[in-house]
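A.B. asks: model the structure of this input:
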Amino acid sequence: MPRYHEFTSHVVWTGNRGNGTSGYRAYDRKWSIEVPGRPVIHCSNDPMLGGDPALPNPEDLLLSALSACHMLWYLHLASDAGIIVMAYEDSPLAHGETAANGAGRFVSAVLRPHIHVRHGSDLDRANAIHGEIHHVCFIARSVNFPVTIEARFSEVF
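C.D. replies: Below you'll find the model as predicted:
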């Protein structure tokens, strides 16, 4: 029997310059994510759509969530397999498209983790773990675009 989870967030538009949405250029595309008991995350829209390039946008957050979920499952499964991970970092890349009517979507993503494993680790097994994660990662199982993995490994003494 499946277990059900609830997630909560409070998203607040903070871009009212005083006249609300009286015109398309009259307001900022800024907003905050407020999750109870956690620091507030200040965000904006994609810079191509008038957002602040210094702040994360929804697309950044989705790609980061996908990468983080994959990482956390990788660490779990590696631990179970006896692969000792010493460091893990990822520079994921997503590709999107925008239709003529302005509607956008992700069409693919590439996770590009660089994983430092203890010297003598079974690198074939360490790499194979990536193929198992799409069966269990909450985020990967929720997106409707292909996600590929281009992992690099370094051995650490």
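A.B. asks: where do the domain boundaries of the chain fall?
C.D. replies: Following the assignment in automatic domain parsing, the chain carries domains at 10-49, 58-156.
A.B. asks: low-confidence ranges, this protein, go.
C.D. replies: In the predicted model of the chain, no residue satisfies pLDDT under 70.
A.B. asks: so which residue is dead centre in it?
C.D. replies: Central residue of the chain (C-alpha atoms, centre = their mean): residue 64, 2.1 Å from the mean position.
A.B. asks: Three-state assignment for that one, please.
C.D. replies: For residue 64, the assignment made with DSSP: H, G, I helix; E, B strand; the rest coil gives helix.
A.B. asks: which stretches of the chain form helices?
C.D. replies: 58-80, 123-128, 130-133 (DSSP state H).
A.B. asks: so how far is the last one from its chain's centroid?
C.D. replies: Okay, so that is helix 130-133. 16 Å (C-alpha atoms, centre = their mean, to the nearest Å).
A.B. asks: could you list the buried residues of stretch 110-122?
C.D. replies: If you call a residue buried by 16 or more other C-beta atoms under 10 Å, then stretch 110-122 has these buried ones: 111, 113, 115-117, 121. Quick note: C-beta positions are derived from backbone N, CA and C, even for glycine.
A.B. asks: one more: stretch 99-111?
C.D. replies: Buried, per 16+ other C-beta under 10 Å, within stretch 99-111: 106, 109, 111.
A.B. asks: mind checking how far the second one is from residue 6?
C.D. replies: So that's residue 109. 26 Å (C-beta to C-beta, to the nearest Å).
A.B. asks: elements contacting the longest strand along the chain?
C.D. replies: Counting by DSSP state E, the longest strand found in the chain is strand 104-111. Contact analysis of strand 104-111 by 3 or more C-beta pairs under 8 Å, 6 or more residues apart in numbering; DSSP states H and E lists helix 58-80, strand 93-98, strand 147-149 as its packing neighbours.
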